[in-house]
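[1] Here is a sequence together with a model predicted from it:
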Amino acid sequence: MRVRFAPSPTGPLHVGNARVALVNFLFARRHGGVFFLRFDDTDPDRSRPEHAEAILRDLGWLGLSWQGPERQSERLSAYEAAASQLRQSGRLYACYETEDELERMRAALRRRGRPPVYDRAGLRLTEAEQSRLDAAGRKPYWRFRLSERTVAWHDLVIGERRIPLPSLSDPVLIREDATPLYTFTSIVDDQDFAITHVIRGEDHVTNTAVQIDLWEALGASLPLPSFAHLPLLTDESGGKLSKRLGSLAIHTLREDGIMAEALACYLVRLGTGGDPEPAPLETLAQSFDLSSFSRSSARFDMHQLLLLNRRVLQHLPFSAVADRLPQGATEEFWLTVRNNLDLLSEARWWWQVVAGEIVPPPLEAEGAFLHKAASLLPPEPWDCSTWKTFSDALAAATGRRGKSLFHPLRLALTGEEDGPALARLLPLMGRARAATRLRQAAG
Ligand code: GLU
């Protein structure tokens with residue numbers, strides 16, 4: 001079993017393609033197969049080495065490991081060989097229309113209520129016409145002549161599929177500037193690397209019909225791979241997620257404080273109906289099953305991801321986060337705040353609360369109470385029993401209990417309505433800070 005994840009390095013990795021990467025990886029792990037990484041980088045205008053680097057970083061952060069990466073830009077001779085084979089068998093033909101001419105043709109077909117399928121004009125050019133065009137300096141682009149049949153396959157996720165090839169335009173495989181295009185390079189590579197399962201997004205379903213035809217035209221001795229298309233992700237309201245993908249880049253989520261384990265578990269459970277449980281990838285691999293994915297689109301819900309992230313953070317030891325916490329943050333600090341975070345980045349705020357300056361909200365109505373509180377702060381050293389000593393003394397002096405006692409204290413000391421236990425925060429922030437804040441809030 002050999003699978004591949006084949007991103008085009010034209011932008012950052014986002015939740016949609018990270019999910020495809022994870023599914024391929026877990027599928028390979030589950031069945032003892034090989035997981036290849038390949039960069040589909042033949043488009044010189046849009047592919048960038050820095051995007052490829054960033055994708056490697058993001059996949060590594062998610063916990064994946066792979067064979068490769070292969071880069072299509074380094075395999076151009078393989079595509080040239082495949083192209084000449086197709087030319088010889090009459091399946092690859094030269095075309096000379098400009099983009100404008102093609103657009104006019106498509107518009108004319110649409111006006112007549114016909115599907116805008118390419119009319120194969122290139123195939124009808126005589127040799128003399130072709131030589132005249134070549135002599136005039138016109139460069140051809142190249143199309144693959146599709147068979148006149150319906151391609152059918154059993155998709156491992158979305159079930160039986162049938163696509164009549166005559167409903168499609170012969171695909172362009174090589175551009176006028178000789179750049180080979182994805183439809184073509186992908187299938188050449190899938191053959192050369194003996195890929196057994198192509199697992200990718202549902203947006204590639206039509207490509208699959210074309211690529212199956214190409215696979216056979218290339219005369220491979222290998223059996224056709226199995227295909228699995230994952231239904232696409234939608235946003236919370238069921239709309240297209242693609243518009244928001246910029247903000248759902250993996251590096252953005254990481255910088256915001258989403259943990260790799262939470263993101264991975266969330267993405268691989270999306271669309272399976274299963275509950276996302278925090279678990280390492282190896283555990284997820286043991287029970288991974290492609291057939292658990294639903295045939296309909298899955299909703300990416302940030303709220304669910306945050307809930308899972310919260311659960312992951314609650315169990316993380318200090319050593320796992322130390323290098324991402326603010327300078328100076330201690331283990332005691334981490335153990336105090338980790339139950340109250342949706343995002344790791346929120347630890348920065350709590351560090352500010354215990355080790356920096358905050359401006360508490362003005363609580364004039366509580367002025368006398370807060371002044372009293374400030375005067376009752378015990379002398380240092382403070383430890384975890386200090387809070388009880390302090391609040392018992394304050395309760396005795398003011399007759400307050402419960403919320404009326406604790407709520408103004410929390411607001412004045414932390415600036416927040418809720419958060420980690422004050423008994424643990426108080427010794428971390430120290431007497432001077434606590435006294436200043438109580439007096440400042442009192443006005
Ligand atoms: N480069 C393609 C993409 O990013 C790969 C699709 C495939 O897996 O074949 O969509």
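    Sure, I can see it.

[2] Just list whatever residues bridge to the residue in the stretch 101-250 of the chain that the ligand sits nearest to.
    In the stretch 101-250 of the chain, the residue that lies nearest the ligand is Arg200 (3.6 Å; Cβ to the nearest ligand atom). All C-beta spots, glycine's among them, are computed from the backbone N, C-alpha and C. Judged by DSSP bridges, the bridge partners of Arg200 are His229.

[3] I figured it hits Val20, correct?
    Yes - using Cβ atoms under 8 Å as the test, Arg200 is close enough to Val20 to be in contact (5.7 Å).

[4] When the two are compared, which one has more neighbours?
    Under the criterion of other Cβ atoms under 10 Å, the comparison of Arg200 against Val20 puts Arg200 first, with 22 against 19.

[5] Count the neighbours of Arg424 for me.
    Number of residues near Arg424 (other Cβ under 10 Å) recorded here: 16.

[6] does it sit in a helix or strand, and which one?
    Counting by DSSP states H and E, the element that carries Arg424 is helix 422-442.

[7] Need the overlap of contacts for Arg200 and Val20.
    Leu230 (Cβ atoms under 8 Å, 6 or more residues apart in numbering).

[8] Give me the neighbour count for the residue in the stretch 301-443 of the chain that the ligand sits nearest to.
    Residue of the stretch 301-443 of the chain nearest the ligand, by Cβ to the nearest ligand atom: Leu305 (22.6 Å). Residues lying near Leu305 (other Cβ under 10 Å) number 22.

[9] can you pull the pLDDT of the residue nearest to Leu370 when sequence neighbours are not counted?
    Nearest non-adjacent residue to Leu370, counting by Cβ to Cβ, 6 or more residues apart in numbering: Ala442, 3.7 Å away. With respect to pLDDT, Ala442 scores 95.

[10] repeat for Glu364
    For Glu364, the model assigns a pLDDT of 92.

[11] residues touching it, list them.
    Ala442, Gly443.

[12] So what does it have for phi and psi?
    Here is the backbone geometry of Glu364 (degrees, to the nearest 10): phi -50, psi -40.

[13] Quickly note the distance from it to His197.
    The gap separating Glu364 from His197 is 68 Å, by Cβ to Cβ, to the nearest Å.

[14] what does this structure put close to the ligand?
    Residues of the chain lying close to the ligand (Cβ under 6 Å from any ligand atom) are Ala6, Pro7, Ser8, Asp40, Tyr182, Ser186, Arg200, His204.

[15] Next, the contact list for the closest residue to the last one other than its chain neighbours, please.
    To tie it back to what came earlier, the one meant is His204. In this structure, His204 finds its nearest non-sequential neighbour in His229, 6.4 Å apart by Cβ to Cβ, 6+ apart. Contacts were defined as Cβ under 8 Å, 6+ apart; by that measure His229 touches Asp155, Val157, Ile158, Ile199, Arg200, Gly201, Glu202, His204, Val205, Thr208.

[16] Show the end-to-end separation of stretch 245-256, please.
    End-to-end distance of stretch 245-256 (Cα to Cα, to the nearest Å): 15 Å.

[17] For Glu101, pull up the helix or strand it's in.
    Using DSSP H and E, Glu101 sits in helix 99-111.

[18] Which residue, other than its chain neighbours, is closest to the residue of the stretch 1-150 of the chain found nearest the ligand?
    Nearest residue of the stretch 1-150 of the chain to the ligand, counting by Cβ to the nearest ligand atom: Asp40, 3.6 Å away. The spatially closest residue to Asp40, leaving aside those adjacent along the chain, is Ser8, at 4.5 Å (Cβ to Cβ, 6+ apart).

[19] residues touching the one you found, list them.
    Phe39, Asp40, Asp41, Asp43, Arg46, Ser47, Tyr182.

[20] With respect to Arg311, which of the residues you listed is nearest?
    Using Cβ to Cβ, Phe39 is the member of the contacts of Ser8 that lies nearest Arg311, at 34.3 Å.

[21] residues in contact with that closest one?
    Counting by Cβ under 8 Å, 6+ apart, Phe39 touches Ala6, Pro7, Ser8, Pro9, Ser47, Ala52, Ile55, Pro69, Glu70, Arg71, Gln72, Ser73.

[22] pretty sure the last one contacts Asp41?
    Yes - in terms of Cβ under 8 Å, Ser73 counts as a neighbour of Asp41; the distance is 4.8 Å.

[23] Quick check: phi and psi at the nearest residue to Gly415 once chain neighbours are set aside.
    Nearest residue to Gly415 in three dimensions, chain neighbours excluded: Ile358, at 4.9 Å (Cβ to Cβ, 6+ apart). Backbone geometry at Ile358, expressed as degrees, to the nearest 10, gives phi -130, psi 160.

[24] Okay, strands next: where are they in the stretch 101-250 of the chain?
    Here the stretch 101-250 of the chain has its strands, by DSSP state E, counting those that start in this stretch, at 141-144, 150-155, 159-164, 172-174, 197-201, 226-230, 233-234.

[25] residue ranges of the helices in the stretch 301-443 of the chain, please?
    Using DSSP state H, counting those that start in this stretch, the helices of the stretch 301-443 of the chain run over 302-314, 318-321, 331-337, 347-355, 367-376, 386-398, 402-414, 422-442.

[26] can you list the ones you listed in a markdown table and add distance to Thr252?
    Formatted as a markdown table, the helices of the stretch 301-443 of the chain follow (distance: least, Cβ to Cβ, whole Å):
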| stretch | distance to Thr252 |
| --- | --- |
| helix 302-314 | 12 |
| helix 318-321 | 19 |
| helix 331-337 | 23 |
| helix 347-355 | 16 |
| helix 367-376 | 40 |
| helix 386-398 | 38 |
| helix 402-414 | 28 |
| helix 422-442 | 30 |
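
[27] And the ones you listed: which comes nearest Phe288?
    Per Cβ to Cβ, nearest to Phe288 of the helices of the stretch 301-443 of the chain: helix 302-314, 17.7 Å.

[28] which other residues reach stretch 407-423?
    Here stretch 407-423 has contacts from 336-337, 339-340, 350, 353, 358-361, 363, 366, 369-370, 373, 384, 386-388, 391, 394, 406, 425-426, 429, 434, 437-438, 440-442, using Cβ under 8 Å, 6+ apart.

[29] Mind giving me the ChimeraX command for buried ones among these?
    Isolation of the buried members of the contacts of stretch 407-423 (16 or more other Cβ atoms under 10 Å) is achieved in ChimeraX through the command below:
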select :336,337,340,350,353,358,360,363,366,369,370,373,386,387,391,394,425,426,429,434,437,438,440,441,442
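
[30] Which ones among the residues of the chain next to the ligand lie within helices?
    Using DSSP state H, the members of the residues of the chain next to the ligand that fall within helices are Tyr182, Ser186.
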